[in-house]
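Trainee: requesting a structural model of the entry that follows:
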Amino acid sequence: MTRSAIRVACLQLNPGNDLEANLGLIAELTDRAVDDGAALVALPEFGTFLDRRSAIMRGAAFPEAGHPALERLREEARRRAIWLLIGSIVVGDGQDAEAKLVNRSYLVGPDGSVHGSYDKIHLFDAQMADGRIVGESRHYRGGTEAVLVRAPFGGVGMTICYDLRFPDLYRRLAQAGAEILTVPSAFTAETGKAHWDPLLRARAIETGCFVLAPATFGEHPGGWVTHGQASIVDPWGTVVARCEDAKPGFAAATIDLDEVKRARSKIPSLSTQPSYELVDRSTAL
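Mentor: You can find the predicted model right below:
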């Protein structure tokens, strides 16, 4: 691995509510990705545990210190001496049934140490086409800080899933030094068909960053269905790797961070500062 180039892999998983089974598949796919040359492996949102029922998710939440999923995945990074993006795990106080949970992502180094963590800022509150209401804010506390990690291979801007719809977050991360943007997701099947690909490509184009988007797919306990198509997008907006099939696997590519400089030199939009104001000059007809 050099400062310019690194091989990365984004896992595609179909997690359920069996932590051990999920961790076993993560270890298997991680081994395959590392054997393929990956030095950075990224897991999706809720990659270790996913159930649509809030009570089940709360039961799988633990304080960060001693969290079983976090400890096991830190050991996984140590075992294979890789950088590991833990897409997200649910963190909470198991003794307080009223306290809101946190959807938290971690970037773990090859020695198993946590180099950065990020709490999902934008919570998914929406009404689906079938009338179902998704209200993450009822159960989760949103984060308040954008997070940039300056890793040896480049700047990593950390985000999660629904954040993808808020371009200002990505612009600010890129202006602060991000060259790689991580978007671990459990994107709904309904919205994913229409929006997953164009949003990933737009965030890459707008920022001149590589976008790493590991994803969950298929049906999960409680009747939740997610889109999948784990992807890697380059700074010009080209999808360089993608899991096309609805099955566990990974998308892998060797990314050259010099492409970030080249893309930004061609279209230097990040250096442009707003110099306008919005004026509403509409008149009644």
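Trainee: use CA for all of it now, contacts and neighbours both
Mentor: Will do.
Trainee: how many residues are close by I56?
Mentor: Residues within reach of I56, counting by other CA atoms under 10 Å, total 15.
Trainee: can you read off the pLDDT for it?
Mentor: Looking at I56, its pLDDT stands at 94.
Trainee: same question for D130.
Mentor: pLDDT for D130: 61.
Trainee: what do you get for R52?
Mentor: pLDDT for R52: 88.
Trainee: residues touching it, list them.
Mentor: Contact analysis of R52 by CA atoms under 8 Å, 6 or more residues apart in numbering lists H220, P221, G222, G223, W224.
Trainee: test my guess that the second one contacts F49.
Mentor: No - counting by CA atoms under 8 Å, P221 sits too far from F49 to count as a contact (10.0 Å).
Trainee: coming back round to it: just curious, which of the contacts of R52 is nearest to A230?
Mentor: When the contacts of R52 are compared for distance to A230 (CA to CA), H220 wins out at 16.8 Å.
Trainee: now the strands for the stretch 51-200 of the chain?
Mentor: 83-91, 102-108, 114-119, 125-127, 133-135, 147-151, 154-158, 180-182 (DSSP state E, counting those that start in this stretch).
Trainee: ok, G87 touching A42?
Mentor: Yes - with contact defined as CA under 8 Å, G87 counts as touching A42 (6.6 Å).
Trainee: between the two, which contacts overlap?
Mentor: Common contacts of G87 and A42 (CA under 8 Å, 6+ apart): P184, P214.
Trainee: more crowded one of these two?
Mentor: Taking other CA under 10 Å, G87 and A42 do not tie; G87 has more neighbours (32 against 29).
Trainee: how about the contacts made by that one?
Mentor: Contacts for G87 (CA under 8 Å, 6+ apart) come out as 42-47, 104-106, 160, 183-185, 214.
Trainee: need the max-distance pair from those.
Mentor: Among these, the pair separated by the greatest distance (CA to CA) is R104 and P214, at 15.1 Å.
Trainee: quick one, which of the two is more surrounded?
Mentor: More crowded of R104 and P214, by other CA under 10 Å: P214, with 33 against 23.
Trainee: count the residues that sit near A189.
Mentor: Using other CA under 10 Å, A189 has 18 neighbouring residues.
Trainee: okay but it is in contact with Q229, surely?
Mentor: No - counting by CA under 8 Å, A189 does not reach Q229; the two are 10.4 Å apart.
Trainee: put the alpha carbons of stretch 47-57 into CSV.
Mentor: Coordinates of each C-alpha in stretch 47-57 appear next as CSV, following Å, rounded to 0.1, in the frame of the first residue of the first chain:
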residue,chain,number,x,y,z
GLY,A,47,-24.0,-5.2,9.3
THR,A,48,-23.7,-7.1,12.5
PHE,A,49,-27.4,-7.0,13.5
LEU,A,50,-30.6,-5.9,11.7
ASP,A,51,-34.3,-6.3,12.7
ARG,A,52,-37.1,-3.9,11.8
ARG,A,53,-38.6,-4.3,15.3
SER,A,54,-37.2,-1.5,17.5
ALA,A,55,-37.5,-3.7,20.7
ILE,A,56,-35.2,-6.3,19.1
MET,A,57,-32.7,-3.6,18.1
